[in-house]
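Student: Requesting a structural model of the entry that follows:
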Amino acid sequence: MIRRSIAAALVAACAAWAPAQAAPSPGQLADAMLRQMAQTTAVTLGSGPHVVDVFFDPNCPYCHHLYEDLQPWVGKQGLQLRWIPVAVLAPSSEGKAAAMLQAADTRKALARNEDDYDENPRAGSGGGIVPAPKVAAATRDELARNLKVLHAAGAYFAFPLMVWRDKSGQAQMFLGAPRDAAQLKALLASVR
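Tutor: Model (predicted):
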């Protein structure tokens, strides 16, 4: 019995001294997210081979600023932006995200949310689009899948969160809005 206790103690001590597994890098997390992107539901602006996925909450002021900063780039030089809504920040986030995804023209609904941001008192927190009065079960499932993919960002779970492959094929992510036009231009120039 004593030998088993000593052996167990030695095994536990060795396990404690074993090197801890390194946390995944941002690139590894971005790669995991990109492999799951087919599961997401997005509002696509622009068309072309250079794709940037953008996770956003309809009530997020930083997401709104990023939307405005990206507008001049939509469709330019083959840039496609996939705006992937999640519902996290406020009780009205789910209804607003649903209003966009359930709209006949999702691009117009996204534009309404962003153009009316801080302007529409009927929309509740953050302004924007008026929340859908009813969230369809299919839409709730789409939002849950979007959130699941965003959770793959691990410690970088936040929004806005941009994810893309660079010209060398490496997965990249950027949290928040670029600090200025030069940083945004450099980021977009790196998109494969």
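Student: Helices along the chain, start to end?
Tutor: For the chain, the helices defined by DSSP state H cover 2-17, 26-36, 61-70, 93-101, 106-115, 137-151, 181-189.
Student: Which pLDDT value belongs to Asn120?
Tutor: You'll see Asn120 listed with a pLDDT of 80.
Student: can you tell me how far the residue lying closest to it once chain neighbours are set aside sits from Asp116?
Tutor: Once flanking residues are discounted, Asn120 sits nearest to Gly127: 4.5 Å by Cβ to Cβ, 6 or more residues apart in numbering. From N, CA and C alone the C-beta is placed, and that goes for glycine too. Relative to Asp116, Gly127 is positioned 6 Å away (Cβ to Cβ, to the nearest Å).
Student: More neighbours: the two, which one.
Tutor: Gly127 (21 against 16; other Cβ atoms under 10 Å).
Student: Verify the stated contact: that one with Tyr117.
Tutor: Yes. With contact defined as Cβ atoms under 8 Å, Gly127 counts as touching Tyr117 (5.2 Å).
Student: how about the closest residue to Leu110 other than its chain neighbours, what does it touch?
Tutor: Distance criterion Cβ to Cβ, 6+ apart; nearest residue to Leu110, sequence neighbours excluded, is Val43 at 4.5 Å. Residues in contact with Val43, defined by Cβ atoms under 8 Å, 6 or more residues apart in numbering, are 82-83, 85, 100-101, 106-107, 109-110.
Student: now Gly176
Tutor: So Gly176 contacts 62, 158, 160 (Cβ under 8 Å, 6+ apart).
Student: what about 7 Å?
Tutor: Applying Cβ atoms under 7 Å, 6 or more residues apart in numbering, we find Gly176 in contact with 62, 160.
Student: For it, give its distance to Trp164.
Tutor: Gly176 is 15 Å from Trp164, by Cβ to Cβ.
Student: how many neighbours does the nearest residue to Ala123 once chain neighbours are set aside have?
Tutor: Excluding the flanking residues, the one nearest Ala123 by Cβ to Cβ, 6+ apart is Val130, at 5.1 Å. Residue neighbour count, defined by other Cβ under 10 Å, stands at 17 for Val130.
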